[in-house]
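Q: Pasting the sequence and the predicted coordinates here, then a few questions.
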Amino acid sequence: QKEVEQDPGPLSVPEGAIVSLNCTYSNSAFQYFMWYRQYSRKGPELLMYTYSSGNKEDGRFTAQVDKSSKYISLFIRDSQPSDSATYLCAMSATNAGNMLTFGGGTRLMVKP
Amino acid sequence: GAVVSQHPSRVICKSGTSVKIECRSLDFQATTMFWYRQFPKQSLMLMATSNEGSKATYEQGVEKDKFLINHASLTLSTLTVTSAHPEDSSFYICSARDGLGSSTDTQYFGPGTRLTVL
């Protein structure tokens, strides 16, 4: 079993839809949780960074962490075709600047 | 946000040759940089952690004599793939840490280098 599980998709939604992306993990030591967006043949771009449990909102993006369930989510409101990319969750037990454990990524396609 | 560059973005080489990839933090100093490789439709796998002025720490299964890492300055780390073979063809991505190990540190990723070994 992988330490971090993520549905690979692809997830196809119409423009304007609310998108829910999720990861589950097994290592209870993880305390720092990140979401990265990766366009094809590009490096990952940091979208959201949360510590411990709770919610964090930034524009159209909301990150949720439920440590009791070992489950994290990223919500995208009013999705746009430009949101089409692969979304990677990443986690760390120490801090986001140290070794990260990545999920496999979910490919999202937002259709106009 | 912080910017990390990589050069070259793409490289095609013959089997047996060596290839050097540069990773630079453009607007911040990075005492620690990381090197990842990514196969098609797969996630990033950490290869090694590079600390400025010291030897890199390699992940299990990564050959340190094949993947030479040098972190000679606070803004530059290099990965050299020695005697490259077709199975080394992959997308290599670096990241740089923008702090000194505090809880607010984060990593910024470079755009990646696609290596194709013929």
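A: Good, I have the coordinates.

Q: Now do B:S103, the pLDDT please.
A: B:S103 carries a pLDDT value of 64.

Q: tell me the contacts of the single nearest residue of chain B relative to chain A?
A: Using CB to the nearest CB, the single residue of chain B nearest to chain A is B:D105, 2.7 Å away. Quick note: C-beta positions are derived from backbone N, CA and C, even for glycine. Shown in contact with B:D105 (CB atoms under 8 Å, 6 or more residues apart in numbering or on different chains): A:95-98, B:97-99.

Q: Looking at those residues, which one is closest to B:W35?
A: Nearest to B:W35 among these, counting by CB to CB, is B:R97 at 12.6 Å.

Q: Spit out the contact partners of the closest one.
A: Contact analysis of B:R97 by CB under 8 Å, 6+ apart lists A:97-98, B:30-34, B:105-107.

Q: One more pass at 6 Å, please.
A: Taking CB atoms under 6 Å, 6 or more residues apart in numbering or on different chains as the contact definition, B:R97 lies against A:97, B:30, B:32, B:105, B:107.

Q: Now do it against A:A29, distance only.
A: Applying CB to CB, to the nearest Å, the value for B:R97 to A:A29 is 19 Å.

Q: For B:P8, which non-adjacent residue is spatially closest?
A: Nearest residue to B:P8 in three dimensions, chain neighbours excluded: B:T113, at 6.1 Å (CB to CB, 6 or more residues apart in numbering or on different chains).

Q: Next up, phi/psi of the one you found, please.
A: Per-residue torsions, B:T113: phi -130, psi 120 (degrees, to the nearest 10).

Q: ok, A:E45 - how many residues close by?
A: A:E45 is flanked by 16 other residues according to other CB atoms under 10 Å in any protein chain shown.

Q: Check B:Q38 too.
A: Neighbour count for B:Q38, taken as other CB under 10 Å: 21.

Q: could you pull out the strands for chain B?
A: Using DSSP state E, the strands of chain B run over residues B:4-7, B:10-13, B:19-25, B:32-38, B:44-51, B:57-58, B:67-73, B:76-81, B:90-97, B:107-109, B:113-117.

Q: Please convert these to JSON lines, extending it with distance to A:F102.
A: Output for those, formatted as JSON lines (distance: least, CB to CB, whole Å):
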{"stretch": "strand B:4-7", "distance to A:F102": "17"}
{"stretch": "strand B:10-13", "distance to A:F102": "23"}
{"stretch": "strand B:19-25", "distance to A:F102": "18"}
{"stretch": "strand B:32-38", "distance to A:F102": "9"}
{"stretch": "strand B:44-51", "distance to A:F102": "5"}
{"stretch": "strand B:57-58", "distance to A:F102": "18"}
{"stretch": "strand B:67-73", "distance to A:F102": "19"}
{"stretch": "strand B:76-81", "distance to A:F102": "19"}
{"stretch": "strand B:90-97", "distance to A:F102": "11"}
{"stretch": "strand B:107-109", "distance to A:F102": "11"}
{"stretch": "strand B:113-117", "distance to A:F102": "18"}
